[in-house]
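1. have a look; sequence and predicted model below, questions after that.
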Amino acid sequence: MKIKKFLYSQKVAPYIFVVPFVLSFLIFWIYPLISSITMSFQNIGAVSSEWVGFKNYAKLLKDNVFHTAIWNSVKYMIFTLLLLIPFPMLFAVLMDSRLVKAKGVWKAVLYMPALTSVVISGTLFRLMFTEYPTGQMNMITTALGLGTFKWLKMGWSGMLALLIVACWRWTGVNMLYFLSGLRAIDTSLYEAAEIDGASAWQKFRYVTLPLLKPTTVYVLTISVYAGLAMFLESFMLWAGNNSPNNIGLTIVGYLYKRGIEKNDMGYGCAVGVVLLVIALAINIIQLVANGTFKNKED
Amino acid sequence: MAQLDNKASRKGKAKRTVGTVLATGFFAILSLIIIFPVFAGLLASFRPGTELIRRGLSINLDFSTMNLNNYNYLFSGNADSQKYFMWYKNSLIITIVSVALTLIICYFVAYGLSMYNFKGKNLLFFLVIATMMVPFEILMLPLYKEIIALHLIDTYTGVIITGLCNASTIFFFRQFLSGLPKELLDAARIDGATEYGIATKIILPLAKPAFASMGILQAMGVWNAILWPLLVLKGAEKFTLPIGLNTLLTPYGNNYDMLIAGSMFGILPIFVIFLIFQKYIIEGMTAGAVKG
């Protein structure tokens, strides 16, 4: 009875509510995160593991394949930021205007790729990027008089294929983020700007853009992570983790290759730690530059 | 004067019509481009897989060359068909169990974080946010090792358990619950309800829209999940649909007949859910983006 009363009291109840999170946090987040770091200093064997200090990292420094993977991931991230922030933002502004009819239809269609499993979309795009003249991309380039390409066998076109898949998948999602951001902007601000004789561009530049900043920072943050951690798109586009000359190899792809395929978990974890450091560094720089840490409210 | 006004407004109207046509046309074209791969995939599912390998995706609308053979094969009940529907069933089970558990757990955690003031509350909320700042892929290898050590490898429990406390779901529920008046709780306490009774019988029904939003987003995520199930599940009889479809590509030659029909049939449940619950999805997805 006493125990029941204790557990049911207003003081204890909140702690009971959050127990699952605390457990999950400790077992499936903190523990693997720390393991990831400790494992990166070890040579992980099937039975026992030995401490090897910075050997894995020293090896990474000289590992050309790893450098290719980092370069690919960083390049991919930068291009996705350049493509998947300004364009979806402009599309959202246009969608938000009174000019567009049947908005629901377009929004639903543009969101559709996000519903499609990468296994399926990757297969479809692999078929479109085939080197045969019957592939869609080759039909387009032939029509433009450029001839045919071996899309998935060359560095630049492989990256282009990854970016096209990224744009296909995320344009609609990011547009929806910006649309919800636009909806949060007080319309009276536009009326005031109109009274002051602001042009459409001025309204965008001085009202929309600054007030959309929280949304932009959010999209930027998730895009940095998604870009750096991209793996499955490459995995599916090349039907496995093997692209010719590693043109589609990403950091996570290399982590998977070393840690899972080659069963060298210590080395794989070192790759993961480098990814973590890069991701955190970029995002902290980005958040500081955007003034997120300048406490406004709390 | 009146005539001038009229002329000006007619001109404005004409300008606006042109704008409407251009803007709407723009989204129509964009939508066509976006829909192309899936539409072409759908058409291809009515043609032999050899055609797909030879000619690639095409939007050849010649119905005389199309047939239902791939689907007949898929539903024929032979070994391949049985395998496919086993994956389908596995995906359904994992999706339903994982979504139901995730929603309930995340709701209660968020309830604790938003309805009470207690020591450590802010720290806990900070930790919720912190877990969102580390990509899952970094934890993947140690988690995999951990799941092996826990003897959960090749089990559905192993697939589901690591994602039950989903930070963004907790975050969303907390945002939603913070908007509810706290007086509700006091009134219920005066009426003699227990803390857990309030959470389950009074507040939970009010949170139905939040459950709908998060449920659908979770379902889409779990249905399409690849990386983690790919690591945890080893036996072909346990595979989920995406992983199963992926195995059709290797190693015994590409089985495009079944792959393409099976893919299209695999998209179906998610599309249907999306079309029905569209409103909730967009609400749930964008909740974090506005307030940042």
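-> Yep, that arrived.

2. and the most centrally placed residue in chain B, what element?
-> The centroid of chain B falls nearest to B:M220 when counting by CA atoms, centre = their mean (1.6 Å). In the assignment (DSSP states H and E), B:M220 maps to helix B:208-224.

3. counting contacts, what elements does that helix pack onto?
-> Packing contacts for helix B:208-224, counted by 3 or more CB pairs under 8 Å, 6 or more residues apart in numbering or on different chains; DSSP states H and E, involve helix A:103-115, helix B:79-115, helix B:167-178, helix B:256-291. No exception for glycine: its C-beta is placed from N, CA and C like everyone else's.

4. now do the helix or strand following it: distance to the chain's middle.
-> Note on helix B:208-224: by DSSP H and E, the next helix or strand toward the C-terminus is helix B:227-232. From the chain centre to the centre of helix B:227-232 is a distance of 17 Å (CA atoms, centre = their mean, to the nearest Å).

5. so is helix B:227-232 next to chain A?
-> Yes: shown here: helix B:227-232 in contact with chain A (CB under 8 Å from any CB of the partner chain) through B:227, B:231.

6. nearest residue to the closest residue to chain A within the stretch 1-150 of chain B other than its sequence neighbours?
-> In the stretch 1-150 of chain B, the residue that lies nearest chain A is B:G112 (2.7 Å; CB to the nearest CB). Leaving aside its chain neighbours, B:G112 sits nearest to A:F17 (2.7 Å; criterion: CB to CB, 6 or more residues apart in numbering or on different chains).

7. thought the one you found was touching B:I105?
-> No: A:F17 is beyond contact range of B:I105, at 9.9 Å (criterion: CB atoms under 8 Å).

8. the two: which is more packed in?
-> Using other CB atoms under 10 Å in any protein chain shown as the criterion, A:F17 and B:I105 rank with A:F17 on top: 24 against 20.

9. got the confidence number for that one?
-> Here the pLDDT value assigned to A:F17 is 94.

10. contacts only, for it.
-> Applying CB atoms under 8 Å, 6 or more residues apart in numbering or on different chains, we find A:F17 in contact with B:108-109, B:111-113, B:116, B:199.

11. what segments of the stretch 1-150 of chain B are strands?
-> Using DSSP state E, counting those that start in this stretch, the stretch 1-150 of chain B contains no strands.

12. helices of that one, residue ranges please.
-> B:2-44, B:49-55, B:69-74, B:79-115, B:121-132, B:136-149 (DSSP state H, counting those that start in this stretch).

13. could you name the helices and strands sitting against the third one?
-> When contacts are defined as 3+ CB pairs under 8 Å, 6+ apart, helix B:69-74 sits against helix B:79-115, helix B:256-291.

14. equivalent analysis for the fifth one, please.
-> Helices and strands touching helix B:121-132, by 3+ CB pairs under 8 Å, 6+ apart, are helix A:13-25, helix B:79-115, helix B:167-178.

15. between that helix and helix A:13-25, how many degrees?
-> 20 degrees (axes from the mean of the first three to the mean of the last three CA atoms, to 10 degrees).

16. and the residue lying closest to A:Y132 once chain neighbours are set aside, how many residues sit next to it?
-> Of all residues not flanking A:Y132 in the chain, B:G56 sits nearest, at 6.4 Å (CB to CB, 6+ apart). Other residues near B:G56 come to 22 when the count uses other CB under 10 Å.

17. ok, B:G56 - contacts?
-> B:G56 makes contact with A:127-128, A:130, A:132, A:134-136 under the criterion CB under 8 Å, 6+ apart.

18. now for B:D62, how many residues are close by?
-> 9.

19. oh sorry, the question was meant for B:F265
-> 18.

20. ok, now the one 4 residues further on?
-> The criterion is other CB under 10 Å. On that basis, B:P269 has 17 neighbouring residues.

21. equivalent analysis for the one 3 residues further on, please.
-> A total of 10 residues lie near B:V272 under the criterion other CB under 10 Å.

22. what's the distance between it and A:I44?
-> When distance is defined by CB to CB, to the nearest Å, B:V272 is 45 Å away from A:I44.

23. circling back to that earlier point, winner for burial among the helices and strands packed on helix B:121-132?
-> helix B:167-178 (a mean of 22; mean count of other CB atoms under 10 Å in any protein chain shown).
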